[in-house]
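**Student:** Give me a model of this one.
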Amino acid sequence: MLGFHPGLFWRTCWTVVSPAILLAIVIGGFVTYKPLTVNDYKYPGWVMAIGWILACSSMACIPIVAIYKLVTTKGSIKEKFLKNITTPKQYPEMPERDGVLWYSPTIHNGTRL
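**Tutor:** Below you'll find the predicted structure:
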């Protein structure tokens, strides 16, 4: 997507730091939850349930797809996990220039991918 492999800092942020911070925020929201009140009016439980469903609907896609992929992939648990977290090779060649792998869209005989 970028045309080169991102450095260790960005890969660590995308795979470890950001998910950990987001998980901490979600858990903190559950732990410090207080029912919503406005001007001494306490909202009913079903309204709060709809709010939580809407809030969690966007986050639920990630573990649902992960579970689906683990269930439908063939192999042992370790093979399934490794197969699903490994990015398939997309381009036939990535020349190295200045110690960085670069992707050139012109591959064979001047044709673009």
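**Student:** what packs against the helix or strand harbouring Trp52?
**Tutor:** Here Trp52 sits within helix 45-72, counting by DSSP states H and E. Packing contacts for helix 45-72, counted by 3 or more Cβ pairs under 8 Å, 6 or more residues apart in numbering; DSSP states H and E, involve helix 77-85. The way it works is simple: take the backbone N, C-alpha and C, and place the C-beta from them, glycine included.
**Student:** Counting neighbours, show which residues of the helix it packs on come out buried.
**Tutor:** Going by neighbour count (16 or more other Cβ atoms under 10 Å), the buried part of helix 77-85 is Lys80.
**Student:** Quick check: most distant residue from the centroid of this structure.
**Tutor:** No residue in the chain sits farther from the centre than Asp40, which is 39.8 Å out by Cα atoms, centre = their mean.
**Student:** returning to that earlier point: now do the helix holding Trp52 against helix 77-85, angle only.
**Tutor:** 110 degrees (axes from the mean of the first three to the mean of the last three Cα atoms, to 10 degrees).
**Student:** so what's Val26 closest to, chain neighbours aside?
**Tutor:** Of all residues not flanking Val26 in the chain, Met59 sits nearest, at 6.7 Å (Cβ to Cβ, 6 or more residues apart in numbering).
**Student:** cool, Asn84 as well?
**Tutor:** Lys69 (4.9 Å).
**Student:** how many neighbours does the one you found have?
**Tutor:** Residues near Lys69, counting by other Cβ atoms under 10 Å, number 14.
**Student:** Let's test this: mean pLDDT of stretch 79-99, rounded?
**Tutor:** When pLDDT is averaged along stretch 79-99, the result is 68.
**Student:** contacting residues around the closest residue to Ile77 other than its chain neighbours?
**Tutor:** Leaving out its chain neighbours, the residue that sits closest to Ile77 by Cβ to Cβ, 6+ apart is Leu70, at 7.8 Å. Counting by Cβ atoms under 8 Å, 6 or more residues apart in numbering, Leu70 touches 77, 80-81, 84.
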